[in-house]
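In: here you go, sequence then predicted model.
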Amino acid sequence: MSDHSQRSKPVRLLTPQEAAAFLGVSVRTVQRLVSASDLRAVRISKSMRFRMDDLLHFVDRNDWP
């Protein structure tokens, strides 16, 4: 069983523009990160969307030492 059935509250998905603004990068950079499998995205038909948890996880994994 997938984990989405176990979630109790709905998750707001962010657009590529919102994800880029949150990360402080361009939309193209967000697209490149997804293509390189560095950032997870959700596909809704032909649209790309992002969970805030995935963006926060990306930031945590990419701390500058």
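Out: Thanks, I have it.
In: list the helices and strands the longest strand anywhere in the chain packs on?
Out: Determined from DSSP state E, the single longest strand within the chain is strand 47-51. Applying 3 or more C-beta pairs under 8 Å, 6 or more residues apart in numbering; DSSP states H and E, we find strand 47-51 packed against strand 13-14, helix 16-23, helix 27-35, strand 42-44. (Each C-beta comes from the backbone N, C-alpha and C, glycine too.)
In: buried residues in it, which are they?
Out: Neighbour-count burial for strand 47-51, counted by 16 or more other C-beta atoms under 10 Å, picks out 48-51.
In: just the C-alpha atoms of that strand, please, in CSV.
Out: Provided in CSV are the C-alpha atoms of strand 47-51 (Å, rounded to 0.1, in the frame of the first residue of the first chain):
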residue,chain,number,x,y,z
SER,A,47,2.7,19.5,-14.7
MET,A,48,5.5,19.4,-12.2
ARG,A,49,4.7,20.0,-8.5
PHE,A,50,6.8,19.9,-5.3
ARG,A,51,6.1,18.9,-1.7
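In: partners of it, with directions?
Out: With DSSP bridges as the test, strand 47-51 is paired with strand 13-14 (antiparallel), strand 42-44 (antiparallel).
In: report the contact partners of the residue positioned nearest the centre of the chain.
Out: For the chain, the residue nearest the mean C-alpha position is residue 50 (3.3 Å; C-alpha atoms, centre = their mean). With contacts defined as C-beta atoms under 8 Å, 6 or more residues apart in numbering, residue 50 is in contact with 13-16, 18-19, 30, 39-42.
In: and residue 30, by the same measure?
Out: 16, 19-20, 23, 39, 50.
In: tell me the buried residues within these.
Out: In the contacts of residue 30, the ones that pass as buried (16+ other C-beta under 10 Å) are 16, 19-20, 23, 39, 50.
In: wait, which of the residues you listed is closest to residue 8?
Out: Distances from residue 8 to the buried ones among the contacts of residue 30, taken as C-beta to C-beta, are shortest for residue 50 (20.5 Å).
In: distance of that closest one from residue 21?
Out: 11 Å (C-beta to C-beta, to the nearest Å).
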